[in-house]
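A.B. asks: Structure for the following, please:
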Amino acid sequence: MFFAFLSLPLEKKDEPAPRSDEELMAAYRDGEVAAFRELVRRHEKPVYRFCLRSLGRPEAAADAAQEVFLRVVKYAPKWEHKAKFTTWMYTIARNYCIDASRKAVHRRTESLNEKLGRDDEGGAERLDQVKDEGPDQGRLVDSRRIREVVDAALAELPEEQREVFCLRQYSGLSFKDIALAVDAGENTVKSRMRYALTSLRKALLQAGLELPGGSS
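C.D. replies: From the prediction side, this is the model:
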């Protein structure tokens with residue numbers, strides 16, 4: 001019986017609650033570098049997903065996400081504690097992606113028919129290097145097919161609908177925060193979301209698929 005107390009549950013020490021984004025940002029602004037690292041850890045993936053859906057290319061999205069956090073550092077002295085960090089950060093991300101998209105329109109893109117070699121007579125064309133997909137290669141699981149159809153449909157949406165959808169679905173912002181980020185009324189934001197969902201559902205139905213989870 002002497003050791004019976006060893007079987008008693010140990011009294012747990014109260015662990016400090018994780019700091020909010022706003023507390024971390026305030027701490028970083030005051031010189032705590034580790035606070036910024038925690039903000040990056042929390043938000044780098046959703047910021048990347050938002051940039052990917054906005055820009056459409058992984059390389060561009062990775063560059064954009066990096067630039068967003070660099071701008072967070074640059075503009076940290078201007079951030080006010082009363083402002084919600086995620087709203088402020090996604091406003092930066094949105095503005096960057098808009099600028100990057102506009103620049104991409106004017107950028108010369110590489111043609112599929114461009115010769116790979118310097119010799120125009122003997123150079124292989126990029127089009128020739130696209131592999132034929134056999135029957136087995138063409139079979140895609142539903143989740144991948146849904147993702148492909150959604151991505152294609154997103155690219156066709158008006159910019160204001162696409163950004164609202166991405167901020168809601170991929171970044172998890174509330175409609176109130178999205179309204180602040182895009183400088184529009186909350187009802188306007190909800191209306192854009194409805195239009196976006198209607199278009200995505202239509203694209204999925206045309207492909208014989210359904211929008212998972214009835215997203216709203």
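
A.B. asks: which other residues reach stretch 68-75?
C.D. replies: For stretch 68-75, contacts defined as CB atoms under 8 Å, 6 or more residues apart in numbering pick out Phe36, Leu39, Val40, Glu44, Val47, Cys51, Met89, Ile92, Ala93, Tyr96. Placement of C-beta: from N, CA and C, glycine included.

A.B. asks: My error: substitute stretch 180-196 in the last question.
C.D. replies: Under the contact criterion CB under 8 Å, 6+ apart, stretch 180-196 has outside partners 84, 87, 90-91, 94, 157, 160-165, 167-168, 173, 175-176, 178-179, 216.

A.B. asks: How far off centre is that stretch?
C.D. replies: 18 Å (CA atoms, centre = their mean, to the nearest Å).

A.B. asks: Can you work out which other helices and strands pack against the strand or helix carrying Arg41?
C.D. replies: Per DSSP states H and E: Arg41 is located in helix 33-55. Packing partners of helix 33-55 (3 or more CB pairs under 8 Å, 6 or more residues apart in numbering; DSSP states H and E): helix 21-29, helix 58-75, helix 85-106, helix 159-169.

A.B. asks: Show me what the first one is packed up against.
C.D. replies: The one in question is helix 21-29. Counting contacts by 3+ CB pairs under 8 Å, 6+ apart, helix 21-29 is packed against helix 33-55, helix 85-106.

A.B. asks: rank the ones you listed by pLDDT, which is bottom?
C.D. replies: Lowest mean pLDDT within the helices and strands packed on helix 21-29: helix 85-106, a mean of 87.
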